[in-house]
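Enquirer: have a look; sequence and predicted model below, questions after that.
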Amino acid sequence: MKTMWKGLLSFGLVNVPVSLVKATRSKNISFNQLRESDFSKIQYKKVAAVDGAEVPMSEIVKGYEVSPDRYVVISKNDLEAIAPKSSRIIEISDFVKIEEIDNRFFDTSYYLLPDQGAGKAYSLLLKSMAEENVVGIARFVLREKEYLAAIRPTGQAITLTTMRFADEVVEVREIENDLPANIELTDKEMKMAKTLINSLVTNFDAARYKNEYHAQVLAMIQAKAEKEEIVTKPVDTSSSFVNLMAALEASMATIKQNESKKKPPRKPKSKTA
């Protein structure tokens, strides 16, 4: 794994030398845009809106629009003057219970790996946080940007997950006018829904959930590359609304049918003389 950052993970007076590496990998498939007539690659140019003339990077400046067609021009020096000072310390300021953090605050995850000789301090922090069921809240600077981060135990490793600040999270009250209101649910509907939910409850295993679309796109690309014929099955979208109770009952019937298939057939009772 490529190291993205090296420094100290600090809590109290304990400093743990660590390295930061990615904990996730992107599985996106990128496509190029081509001209259909001869498949030549499409290129993008930066042009001025007023006359369509191409503008070289050396003549481009940053501007913040304060009102229609009025901008405050921001120079590189302006930004450098207020940029967060680079630091090699991730200092945990608080510990909080994991259940107190809304999942909407979590963003990108990384692993913090102990540097040589830091194994004991690293293990001490890892095990202590796990047993107390807490995560550390810290700030750190990566690539000239300041981040809020959650430091938490994940198995035998410590992970750092960047977090959104409070004003970056859309509160439910901001969309409440678009949510259903005064909906009456019958006891029968609630009972059926709960029964359906409980019948599907299981332990979470990430390996069970495959990125099927990603695999299908790769297979299609491979087939086209080998000049095989691709046949796609159309999706029926004629009926987008079904009765709620009918959907619940149909789901339960399917589950019961699947369960009955799993049960071994009953042995016939032996006849007694």
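Expert: Yep, that arrived. Residues are numbered from 1 along each chain as shown.
Enquirer: now do the contacts for the residue nearest in space to the middle of the chain.
Expert: Closest residue to the average C-alpha location of the chain: residue 107 at 6.5 Å, with Cα atoms, centre = their mean. For residue 107, the contact set (Cβ atoms under 8 Å, 6 or more residues apart in numbering) comprises 161, 162, 163, 164. C-beta here means a position set from N, CA and C on the backbone, and glycine is covered the same way.
Enquirer: who does residue 113 bridge with?
Expert: For residue 113, the beta-bridge partners are residue 19 (DSSP bridges).
Enquirer: which stretches in the stretch 1-150 of the chain count as strands?
Expert: Taking DSSP state E, counting those that start in this stretch, the strands of the stretch 1-150 of the chain run over residues 5-11, 14-22, 62-67, 70-74, 89-97, 106-114, 134-142, 145-154.
Enquirer: distance to residue 191 and mean pLDDT added to the ones you listed, as a markdown table?
Expert: Listed next are the strands of the stretch 1-150 of the chain as a markdown table, based on distance: least, Cβ to Cβ, whole Å; pLDDT from 0 to 100:
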| stretch | distance to residue 191 | mean pLDDT |
| --- | --- | --- |
| strand 5-11 | 49 | 89 |
| strand 14-22 | 46 | 91 |
| strand 62-67 | 55 | 90 |
| strand 70-74 | 60 | 89 |
| strand 89-97 | 33 | 92 |
| strand 106-114 | 34 | 94 |
| strand 134-142 | 37 | 92 |
| strand 145-154 | 38 | 92 |
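Enquirer: which stretch among those strands comes nearest residue 39?
Expert: Among the strands of the stretch 1-150 of the chain, strand 14-22 comes nearest to residue 39, with 34.2 Å by Cβ to Cβ.
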